[in-house]
Every structure is written in C-alpha cells, then in structure tokens.
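S.K.: After the sequence you'll find the predicted model.
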Amino acid sequence: MFIITLRSKEDGVYSVLSESGDHIIPLFEDEDDADRYLDLLEIEDPSYPPMKVTPIDEDVIIKACTDRSQKYSIITSDDFIIPPKSRTWLFLKLYDGRTSFLREMFLLKLIYHLIKLIWLLVLMALEKVQF
C-alpha cells in the first residue's frame, strides 16, 4: 500500500474531504497510481505543501485507521481518481473507519472504462481500414 504524506512529517497523511464532510484517506495499491495522483495534486495547486508517496504495510495502515475511526478508501489499479478541484485536502494524524467507493470515484472509474472501450473500438476500426 502507498499513502501520500507530508515530505517533512510522515504522520501527516493526506485525505480528501467528501461531500458529507468526512475525511477519507486514499490508500493506493499501486505506487504508480499514487505517484500520478500526487503529480495531479501538484499541478492543480502548486501551493500544496511538499508531499511524497510513502510505502506502508496494508495491515498497519488499516489497523491504524480502524483504531482511530478514520475513514479510508482502497484505490486499486483498476480505479481512476483525480484530485478534487477545490482545496479540500487535509493532513491528518490517522483516524479510523472504512468506506466503500465514493460516488466520485465510481463515476471516474466508469468514465475511465468508457474511454478504454472507445479506444479499443477505434483501434478495431483502424485495423479494418488498411492504409
């Protein structure tokens, strides 16, 4: 697992504020996905404090979240998420709780798969047309 933390303080863990006001920590299964998300954060708002992707044992982070009632969401390699447009990021000491996929993540995942489908259809169409 990988989390996003403050570069200078690893117990400052990045979280997203949901529409319902919950702070949710994204837990990335894939380091590349965490790196891409961090790149998008930095592009979206260069004033974010310096951050880094930090590897962490899955059992350790889930137990820490559970012990502190901190909500989290596991981001698999099949998921596609982008940072929120508004400044809804927070750095928290770990809380607890588990949440299912956020509605926004579901919609982004759906869009991602639709784009993949369209791309495959384009490739299939190009194979039928020979240049």
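M.R.: Perfect, I can see it now. Given the structure is predicted, the values throughout are model-derived calculations rather than measurements. Numbering: from 1, shown residues only.
S.K.: quick check: longest strand of the chain.
M.R.: Longest among the strand segments of the chain by residue count, using DSSP state E, is strand 9-17.
S.K.: contacts for the next helix or strand after that strand?
M.R.: Following strand 9-17 in sequence order, the next helix or strand is strand 23-28 (DSSP states H and E). Contacts of strand 23-28 with the rest of the structure, by CB atoms under 8 Å, 6 or more residues apart in numbering, involve 1-4, 13-18, 34, 37, 53, 58, 61-62, 65, 70-75, 81, 90, 92, 94-95, 99, 102. Backbone N, C-alpha and C define where each C-beta goes, glycine included.
S.K.: of the residues you listed, buried ones?
M.R.: Using 16 or more other CB atoms under 10 Å as the burial test, the contacts of strand 23-28 include 1-4, 13-16, 18, 34, 37, 53, 61-62, 65, 70-75, 81, 94-95, 99, 102 as buried.
S.K.: Sort out for me which of these are in strands.
M.R.: Taking DSSP E, the ones among the buried ones among the contacts of strand 23-28 that sit in strands are 2-4, 13-16, 53, 71-75.
S.K.: tally of neighbours for residue 40?
M.R.: 13 (other CB atoms under 10 Å).
S.K.: residues in contact with it?
M.R.: Residue 40 makes contact with 82, 83, according to CB under 8 Å, 6+ apart.
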